[in-house]
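Q: Fold the stuff below for me.
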Amino acid sequence: MTAKIRHFLDIDRFDTATLRGILDRSVALKAAHKAGAGERLLLGKSLAMIFEKPSTRTRVSFEVGMRHLGGDVVVLRPGEMQLGRGETIADTARVLSRYVDSIMLRTDSAARLEELVRWATVPVINGLTERSHPCQLMADIMTFEEHRGPIDGRVVAWCGDGNNVAASWVHAAVRFDFELRLACPEPLGPPLKLLRWAEEQGGRVSLTDDPAAALRGADCVVTDAWVSMNHDGDESRRNLLIPYRVDEAAMAHAKPNAVFLHCLPAHRGEEVTDGVIDGPQSLAWDEAENRLHAHKGILAWCFDV
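A: Numbering: from 1, shown residues only. Below is the predicted model of the structure:
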């Protein structure tokens, strides 16, 4: 009997125990790497990375992580593939599955990711879509817990656009049992379907247009770029988001020992000030480093090693 393929697609598709297992493995792999005793778990394995959306952190962390584990990487961009010249995702999935042992896709279309999964016969990893960014959230949870202990029961405040990263924070709030307060301008809130899902799952997720209320007493403050994915960054959008900028005054509403997270890249002076992202509460750089180790944990899980 053929074993079930282990795709890593979205946090809401996993139970808490599985996600905890991946995080525990990520932490162990980081410790082993720091001790100079890295494990070559994926010797002889290969990962194809398809970048329909450009990346710094996703590319470097997956490529270096795969090599830490003893594997090989092939980087593909639409302009270098027949996929960019009309070949279907289905045919691409069939072919790549004959060449490599896993595929990571970073795209602005969740539908394309689902089609890839439908036809691939190797594990597929969601490197980002317009709907979610689950790999980022695994690094975020890892980073918070590394510095502040278990996240369950804590309060996380999101400020800004209810985008794909915010959606994965909603998924994480339910699975990791923390309170999530989303502060978003009314036209830019997360999908109502997503909020209904969280409520049905018993999650403690709330939405407000008052950033100060969301940040009050928070253990963690999170934001993201105002212009990303398919947004054109028009002036009206920026004007809506100005009150949601995370500056020193905003951070003062959170707990004195609250941490600040940002998935990067940061647009300094827009969603966050220099004083916050470079300040003592910022874990943005540890967060970026942990992408490497979180991705190794995800890869190890996908290959069941």
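Q: tell me the helices in the chain, going along the chain?
A: Secondary structure of the chain (DSSP state H): helices located at 16-34, 57-68, 89-99, 110-119, 134-148, 164-176, 192-200, 211-215, 235-241, 248-251, 274-277, 284-303.
Q: Just the mean pLDDT for the longest one, thanks.
A: For helix 284-303, the mean per-residue pLDDT is 98.
Q: repeat for the fifth one
A: Within the predicted structure, the mean pLDDT of helix 134-148 is 98.
Q: List of residues touching that helix?
A: With contact meaning CB atoms under 8 Å, 6 or more residues apart in numbering, helix 134-148 is reached by 8-11, 19, 22-23, 26-27, 58, 125-128, 151, 154, 165, 168-169, 171-172, 176, 219-220, 222, 257, 259, 261, 263, 283, 286-288, 290-291, 293-295, 297-298. The way it works is simple: take the backbone N, C-alpha and C, and place the C-beta from them, glycine included.
Q: Run the angle between that helix and helix 57-68 for me.
A: Counting by axes from the mean of the first three to the mean of the last three CA atoms, to 10 degrees, helix 134-148 lies at 80 degrees to helix 57-68.
Q: and the helix or strand of the chain with the lowest mean pLDDT, what does it pack onto?
A: Within the chain, confidence by mean pLDDT, DSSP states H and E is lowest for helix 235-241 among all helices and strands, at a mean of 92. Of the remaining helices and strands, none touches helix 235-241 by 3 or more CB pairs under 8 Å, 6 or more residues apart in numbering; DSSP states H and E.
Q: Okay, buried residues for that helix please.
A: Within helix 235-241, the residues scored as buried using 16 or more other CB atoms under 10 Å are 237, 240-241.
Q: surely Ile103 meets Ser46?
A: No. The criterion here is CB atoms under 8 Å, and Ile103 misses it with Ser46 at 9.8 Å.
Q: Compare the two and say which is more crowded by neighbours.
A: Ile103 (26 against 17; other CB atoms under 10 Å).
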